[in-house]
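# Build me a model:
(3 chains)
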Amino acid sequence: MGYWLVKSEPYKYSWEQLLKDGRTYWDGVRNYEARNNLQAMKSGDAVLFYHSNEGLAVVGIARVVAKAYPDPTTDDPRWVAVDIEPVETLAKPVSLSDLKKEPRLQNLALIKQGQLSVMPLTKEEFAVIVAQGRA
DNA sequence: GCCAACGTTGGC
DNA sequence: GCCAACGTTGGC
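Here you go, the predicted model:
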């Protein structure tokens, strides 16, 4: 079972929109490292949903429901998309500043490499963030 | 709106 | 294959 964190700008696609839709495809990735991470996702993997630009917080937990397939929004075969569905809305969004304060999260790509939009998490990192979000 | 960080592109 | 220039992203 894999653990991931994906970023979305709320005005493009927000957590609330995902709740309303019930399921969405995660596309538009145009960065090789993020693409490689997408391709490594498997159905059933857990995905934290982070709002960038506005909010700056992890707001919910989603699940991969379809592993990587060619991105339907482009003819370029290099890019892929996955399908995700919402699992749980965090009672208390975990903000970026909270993440930065947590010693166990200092290796997060979110903190070290701000512009990566899809990144892997360890099981512990996932658990730490979710525990904060439920507190 | 600004600026720093990073990835990608293209000339040599 | 190197490296400078450029574009994009995202925090502040």
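# Helices of chain A, residue ranges please.
For chain A, the helices defined by DSSP state H occupy A:15-21, A:32-40, A:96-101, A:109-112, A:123-134.
# got those helices as CSV, with distance to residue A:2 columns?
Heads up, the C-betas are built off the backbone N, CA and C, glycines and all. As requested, these are exported to CSV (distance: least, C-beta to C-beta, whole Å):
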stretch, distance to residue A:2
helix A:15-21, 19
helix A:32-40, 7
helix A:96-101, 19
helix A:109-112, 14
helix A:123-134, 9
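# who in chain A is up against DNA strand B?
Within chain A, the positions near DNA strand B by C-beta under 7 Å from any atom of the strand are A:31, A:32, A:33, A:112, A:113, A:114, A:115, A:116.
# So what's the residue count around the second one?
Neighbourhood size, residue A:32 [other C-beta atoms under 10 Å]: 10.
# So which bits of the lengthiest strand in chain A are buried?
When chain A is parsed with DSSP state E, its longest strand is strand A:80-95. Within strand A:80-95, the residues that count as buried by 16 or more other C-beta atoms under 10 Å are A:80, A:81, A:82, A:83, A:84, A:85, A:86, A:90, A:93, A:94, A:95.
# What of stretch A:12-22?
A:13, A:14, A:15, A:18.
# ditto for stretch A:71-79
A:71, A:79.
# Tell me the spacing between residue A:58 and DNA strand C.
11 Å (C-beta to the nearest atom of the strand, to the nearest Å).
# DNA strand C contacts on chain A?
A:7, A:9, A:30, A:52-53, A:56, A:96-97, A:110, A:114-117.
# Among those, name the buried ones.
Members of the residues of chain A next to DNA strand C classed as buried by 16+ other C-beta under 10 Å are A:7, A:52, A:96, A:110, A:117.
# Tell me who's in contact with the nearest residue in space to residue A:105 that is not next to it in sequence.
Nearest non-adjacent residue to residue A:105, counting by C-beta to C-beta, 6 or more residues apart in numbering: residue A:99, 5.1 Å away. Counting by C-beta atoms under 8 Å, 6 or more residues apart in numbering, residue A:99 makes contact with A:58, A:105, A:108, A:110, A:111, A:129.
# Check the gap between the last one and residue A:74 for me.
So the one you mean is residue A:129. 31 Å (C-beta to C-beta, to the nearest Å).
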